[in-house]
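S.K.: output the structure for:
(one chain, ligands or ions: 1)
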Amino acid sequence: MNKPLILVVEDDTAVRNLITTTLKAHDYRYLTAANGESAVLEASSHNPDVILLDLGLPDLDGVEVIRRVRSWSNLPIIVISARSEDTDKIDALDAGADDYLTKPFSVEELLARLRVTQRRLDAQSGAVNADAVFTNGKLKVDYAAGCAFLDGKELHLTPSEYKLLCLLCRNVGKVLTHTFITQQIWGRSWENDIASLRVFMATLRKKLEQEPGSPQYIQTHIGVGYRMMKVE
Ligand code: CA
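M.R.: This next block holds a predicted model:
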């Protein structure tokens, strides 16, 4: 199998070197770009497997880079942002980023995010009946029949809980923002909808998770949103 090719977009030389050294040591191939324009160019000419994208770039806004890349490609984009750029991070996810890392991050965190992305890609390419049935660990969602099962037993979900579950399943491995989820489910995103989302999520988790306190399937990203994890 080919080693995955990662495009590292980062204007800070020290951070860029940390990332590329880590990638080299763990059998990844990489390309680098120090600004947004060259990031878009490298992405279109080399078709990397994953983009690691710093949001604070000297020329283009990182979110603009995502929009441009998304105009022709669905390749995974992991955003790297400083803690002070929380709203940017949410904008980046809404523009189509898959995941994010917050600076300062550890080498282990970086590698973990890449593995999550890789598993998502594997799951997509290996999924024969991707459109009909979704399977993840003990969870099975039969989209055609409109029902979900856990360990072979049907889950009794309300229509909103089921919609929420399907949305998360169809985007397995990807962090979905509160705004994105509420817009998909209710067609709008008001403060009230985000509060309702928390309630639906709590009831869905009670039915889905063995230990709702330490969820196995649905991960919370505080202040950002939720993600369905790929379970072995
Ligand atoms: Ca930067």
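S.K.: and A144, backbone torsions?
M.R.: phi -60, psi -40 (degrees, to the nearest 10).
S.K.: residue farthest from the centroid of the protein?
M.R.: K153 (28.3 Å; Cα atoms, centre = their mean).
S.K.: what's the closest non-adjacent residue to the residue nearest the centre of the chain?
M.R.: Relative to the mean C-alpha position of the chain, the nearest C-alpha, by Cα atoms, centre = their mean, is the one of K174, at 2.3 Å. Sequence neighbours aside, D98 is the residue nearest to K174 in space, at 4.9 Å (criterion: Cβ to Cβ, 6 or more residues apart in numbering). For every residue, glycine as well, the C-beta is placed using N, CA and C.
S.K.: let me see the contact set for that neighbour.
M.R.: P76, I77, I78, T117, R120, G173, K174, V175 (Cβ atoms under 8 Å, 6 or more residues apart in numbering).
S.K.: any idea how far the closest residue to the last one other than its chain neighbours is from the ion?
M.R.: Just to be clear, that refers to V175. With sequence-adjacent residues excluded and distances taken as Cβ to Cβ, 6+ apart, V175 is closest to R227, at 4.6 Å. The spacing between R227 and the ion, counted by Cβ to the ion, to the nearest Å, is 25 Å.
S.K.: on that earlier part again, who's in contact with the residue farthest from the centre of the chain?
M.R.: Contacts for K153 (Cβ under 8 Å, 6+ apart) come out as none.
S.K.: how near is it to L139?
M.R.: Using Cβ to Cβ, to the nearest Å, K153 is found at 11 Å from L139.
S.K.: and what of A202?
M.R.: A202 is 18 Å from L139, by Cβ to Cβ.
S.K.: quick one: which of the two has more around it?
M.R.: L139 (19 against 10; other Cβ atoms under 10 Å).
S.K.: endpoints of stretch 176-194, how far apart?
M.R.: Distance between the boundary residues of stretch 176-194 (Cα to Cα, to the nearest Å) amounts to 13 Å.
S.K.: what's in contact with it?
M.R.: Taking Cβ under 8 Å, 6+ apart as the rule, stretch 176-194 contacts 90, 93-94, 160, 163-164, 167-168, 196-197, 224-227.
S.K.: 7 Å instead, please
M.R.: 90, 93-94, 160, 163-164, 167-168, 197, 224-227 (Cβ atoms under 7 Å, 6 or more residues apart in numbering).
S.K.: the bottom helix or strand of the protein by mean pLDDT?
M.R.: helix 107-126 (a mean of 82; mean pLDDT, DSSP states H and E).
S.K.: can you give me every residue that contacts V133?
M.R.: K140, V141, D142, Y143.
S.K.: buried ones only from those residues, please, as a ChimeraX command.
M.R.: To isolate the buried members of those in ChimeraX, using 16 or more other Cβ atoms under 10 Å:
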select :140,141,143
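S.K.: by pLDDT, give me the weakest of the contacts of V133.
M.R.: Least confident of the contacts of V133 in the model: Y143, at 88.
S.K.: spell out the secondary structure type for whatever residue of the chain ends up closest to the ion.
M.R.: Distance from the ion to each residue of the chain (Cβ to the ion) is smallest for G56, at 3.7 Å. Secondary structure, DSSP: H, G, I helix; E, B strand; the rest coil: G56 is coil.
S.K.: can you confirm whether stretch 76-90 lies near the ion?
M.R.: No - with Cβ under 5 Å from the ion as the criterion, the ion is not reached by stretch 76-90; the gap is at least 8.0 Å.
S.K.: could you list the buried residues of that stretch?
M.R.: Residues of stretch 76-90 classed as buried: P76, I77, I78, V79, I80, S81, E85, D88, K89, I90 (neighbour count, 16+ other Cβ under 10 Å).
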